[in-house]
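Q: Generate coordinates for the sequence data below:
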Amino acid sequence: MLLESQLVKILESQKENFTKKTTGLQRIKLDSLKITNHFALIITGIRRCGKSTLLYQLGQQQSEEILFLNFEDTRLAGFETDDFTRLIAVIEQKNINILFFDEIQFLPQWELFVRQMLDLDYQVVITGSNATLLSTELGTKLTGRHLSTELFPFSYAEFLAFKDLKNTAESLFQYLSKGGFPEYLKTDNGNVLNQLLEDILNRDIAVRYAVRDVNTLKKLAVYLISNIGKAVSGNNLKELFNIKSATTILEFFSYLESAYVVQFLSKFSYSLKTQIRNPKKVYAIDLGLFSENSIVFTEENGRRLENAVYLYLRQNYKEIYYFSEKKECDFVIMEKGKAKFLLQVCYELNDENLNREINGLIEAIDFFGLDEGKIISFNQSEVFHREGKRITVIPANVFMAG
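A: Down below sits the predicted model:
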């Protein structure tokens with residue numbers, strides 16, 4: 001239990017630290033954020049991707065004073081459900097209408113508290129590092145009362161702005177190596193991302209989900225990060241990690257995806273059951289994380305490029321799949337039940353891989369009844385016409401800069 005006087009002291013201390021933050025690079029996401037009455041704005045994303053800075057930027061746009069409270073403050077370690085009542089009293093005393101809460105989702109019954117504040121006409125913004133904030137459970141407890149969005153590490157366009165670089169193949173090559181974590185880009189210290197992964201695995205997953213076999217969890221995380229762009233399944237990996245049940249592997253998959261360490265891409269099928277049953281392709285949430293935490297000893301430029309294209313698509317489109325029948329197409333972007341466009345990713349087209357890449361794309365084009373597709377390359381431009389289909393080759397830095 002916390003006293004009101006303790007809460008006041010913590011709030012004043014956090015306010016001072018919050019207002020001292022630098023504005024930083026204005027995030028592209030900022031333009032789409034809007035604080036409204038009656039709806040909680042919920043922003044989730046991996047740790048250290050810039051959520052606090054985004055909050056500060058959002059706060060700078062408001063004409064009213066803001067109350068900010070980060071629930072990961074060690075002084076709030078003893079916060080209990082009853083303390084919400086004292087917190088409400090402190091908020092009312094301050095006569096502030098806009099409330100920013102960071103990592104509140106780890107507290108029991110936080111949804112009921114947020115619902116109460118919305119009912120009292122407060123404007124509420126929440127940030128968190130776990131995607132369960134976007135789950136159906138949240139939809140049940142805050143039905144029709146929340147607007148959700150995600151923040152990723154810097155996109156390629158933001159990377160260019162942050163590093164003050166021109167959009168060239170050389171800049172793209174840097175991005176494929178460094179990724180978009182702001183602190184890592186500032187320091188170029190790999191320990192930043194080593195420690196980040198360690199913190200997520202220990203604090204956000206092992207403790208939160210009471211994982212007993214933390215060693216296997218860590219080995220699996222490194223394995224998945226090291227195998228970006230490849231299809232994985234619980235059944236195949238349970239033997240590799242000497243685990244009896246594929247269910248345990250799938251639970252670990254879920255934990256890692258919820259914490260934004262990796263993301264999984266389903267194989268396209270008109271049957272939801274088939275989608276669930278098929279292997280999923282895995283991608284890292286950031287290429288710096290791959291560079292510093294994988295156990296790969298080659299450059300893997302092709303898989304880096306595919307991962308970068310996936311991240312671009314993930315931030316701009318809601319429904320993405322990979323296609324695999326006799327041949328494979330890397331990305332299918334769906335909209336309202338129909339294929340919007342198809343993408344193949346190839347770092348460098350040459351005599352050895354040209355037919356394979358085009359044929360995989362044409363099979364997908366025929367399957368979805370389209371007449372064209374695109375191949376994203378590192379720096380090649382070309383147009384092919386095969387079997388009455390148009391194949392456009394686009395440099396990745398041109399494709400991802402928008």
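
Q: drop to CA atoms for contacts and neighbour counts, all remaining ones
A: Fine.

Q: Next, count neighbours for residue 118.
A: Residue 118 is flanked by 19 other residues according to other Cα atoms under 10 Å.

Q: Can you report how many residues neighbour residue 69?
A: 23.

Q: Nearest residue to it in space, ignoring adjacent ones along the chain?
A: Nearest non-adjacent residue to residue 69, counting by Cα to Cα, 6 or more residues apart in numbering: residue 101, 5.1 Å away.

Q: so who does that neighbour touch?
A: Going by Cα atoms under 8 Å, 6 or more residues apart in numbering, residue 101 touches 68, 69, 70, 71, 124, 125, 126, 127.

Q: secondary structure element for the fifth one?
A: Using DSSP states H and E, residue 124 sits within strand 123-128.

Q: Adjacent strands (with direction) for that strand?
A: Sheet pairing of strand 123-128 (DSSP bridges) gives strand 40-44 (parallel), strand 98-102 (parallel).

Q: and of those strands, who's closest to residue 315?
A: strand 40-44 (12.8 Å; Cα to Cα).

Q: got a list of contacts for the closest one?
A: Counting by Cα under 8 Å, 6+ apart, 34-35, 51, 114, 118, 123-131, 133, 145-151 sit against strand 40-44.

Q: Specify the angle between whichever helix or strand comes after that strand and strand 98-102 in degrees.
A: Once strand 40-44 ends, the next helix or strand along the chain (criterion: DSSP H and E) is helix 51-60. With axes from the mean of the first three to the mean of the last three Cα atoms, to 10 degrees applied, the angle from helix 51-60 to strand 98-102 works out at 180 degrees.

Q: quick one on the thing from earlier: which of the strands paired with strand 123-128 is buried the deepest?
A: Ranked by mean neighbour count, those are led by strand 40-44 with a mean of 23 (mean count of other Cα atoms under 10 Å).

Q: now, the most widely separated pair of the contacts of residue 101?
A: 71 and 124 (14.6 Å).

Q: What are the structural domain limits within the protein?
A: Split into domains by automatic domain parsing, the chain comes to 4-150, 154-307, 317-402.

Q: Please name the nearest non-neighbouring residue to residue 168.
A: That would be residue 397: by Cα to Cα, 6+ apart, it lies 6.7 Å from residue 168.

Q: need the contact list for the one you found.
A: With Cα under 8 Å, 6+ apart, residue 397 has these contacts: 167, 168, 169, 172, 378, 379.

Q: mind checking the backbone torsions on the second one?
A: Phi and psi for residue 168, reported as degrees, to the nearest 10, are phi -130, psi 170.

Q: about what we covered before: who has more neighbours, residue 71 and residue 124?
A: residue 124 (24 against 17).

Q: Do you know the pLDDT at that one?
A: On the pLDDT scale, residue 124 is placed at 97.

Q: go on, residue 138?
A: 69.

Q: ok, of the contacts of strand 40-44, which come out buried?
A: Neighbour counting with 16 or more other Cα atoms under 10 Å marks 35, 51, 114, 118, 123-131, 133, 145-147, 150-151 as buried within the contacts of strand 40-44.

Q: Check the domains of the chain for me: which has the lowest mean pLDDT.
A: domain 4-150 (a mean of 91).

Q: gap between it and the chain center?
A: 19 Å (Cα atoms, centre = their mean, to the nearest Å).

Q: tell me how far the ends of that domain are from each other?
A: 33 Å (Cα to Cα, to the nearest Å).
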